[in-house]
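K.L.:
sequence and predicted model, in that order:
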Amino acid sequence: MSDMVERVGAAIYGAAHDDFGVEVTLPRLVCDQIARAAIAAMREPTEAMVAAGEGAQTLEVPDVWRTMIDKALEKPLKGAPGINPL
């Protein structure tokens with residue numbers, strides 16, 4: 001498993017068990033599978049993400065990546081209790 005899948009899986013596991021105020025039983029393996037699906041879905045950036053990346057104030061790849069991901073996370077989830085990934 002890649003480091004990114006593991007990192008995203010851990011974030012999903014933490015969100016499912018901490019942020020909703022209810023006991024959720026979601027096995028870590030399921031979280032990792034959800035993580036793989038989520039990362040795969042983000043493989044092709046949206047037009048807004050591309051525009052944000054092109055407008056980044058730097059050419060450093062990690063900074064452009066963060067700018068594009070920030071654009072993807074710009075709108076909060078409707079009805080989600082207090083989840084703020086940034």
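P.N.:
Yes, it's here.
K.L.:
residue 62: how many residues sit nearby?
P.N.:
The tally of other residues near residue 62 (other C-beta atoms under 10 Å) stands at 8. For every residue, glycine as well, the C-beta is placed using N, CA and C.
K.L.:
just residue 28 next, same as before
P.N.:
12.
K.L.:
leaving aside the residues adjacent along the chain, what's closest to it?
P.N.:
Nearest non-adjacent residue to residue 28, counting by C-beta to C-beta, 6 or more residues apart in numbering: residue 13, 5.5 Å away.
K.L.:
let me know the helix or strand that the one you found is in.
P.N.:
helix 3-14 (DSSP states H and E).
K.L.:
how far out from the middle of the chain is that helix?
P.N.:
Its chain's C-alpha centre and that of helix 3-14 lie 9 Å apart, by C-alpha atoms, centre = their mean, to the nearest Å.
K.L.:
before we move on, the earlier item: my read: the residue nearest to residue 28 touches residue 26, true?
P.N.:
Yes: with contacts counted by C-beta atoms under 8 Å, residue 13 reaches residue 26, the gap being 6.7 Å.
K.L.:
which one's more surrounded, those two?
P.N.:
Neighbour count, other C-beta under 10 Å: between residue 13 and residue 26, residue 13 has more, with 20 against 13.
K.L.:
enumerate every residue touching that one.
P.N.:
Counting by C-beta atoms under 8 Å, 6 or more residues apart in numbering, residue 13 makes contact with 26, 28, 31.
K.L.:
quick check: mean pLDDT of the lengthiest helix in the chain?
P.N.:
In the chain, with assignment by DSSP state H, the single longest helix is helix 28-41. Averaged across helix 28-41, the pLDDT comes to 91.
K.L.:
what comes into contact with that helix?
P.N.:
1, 4, 5, 6, 8, 9, 10, 11, 12, 13, 16.
K.L.:
likewise for stretch 46-66?
P.N.:
45, 67, 68, 69, 70, 71, 72.
K.L.:
can you give me the pLDDT of the third one?
P.N.:
When you say that, I think you mean residue 68. pLDDT at residue 68 comes out at 90.
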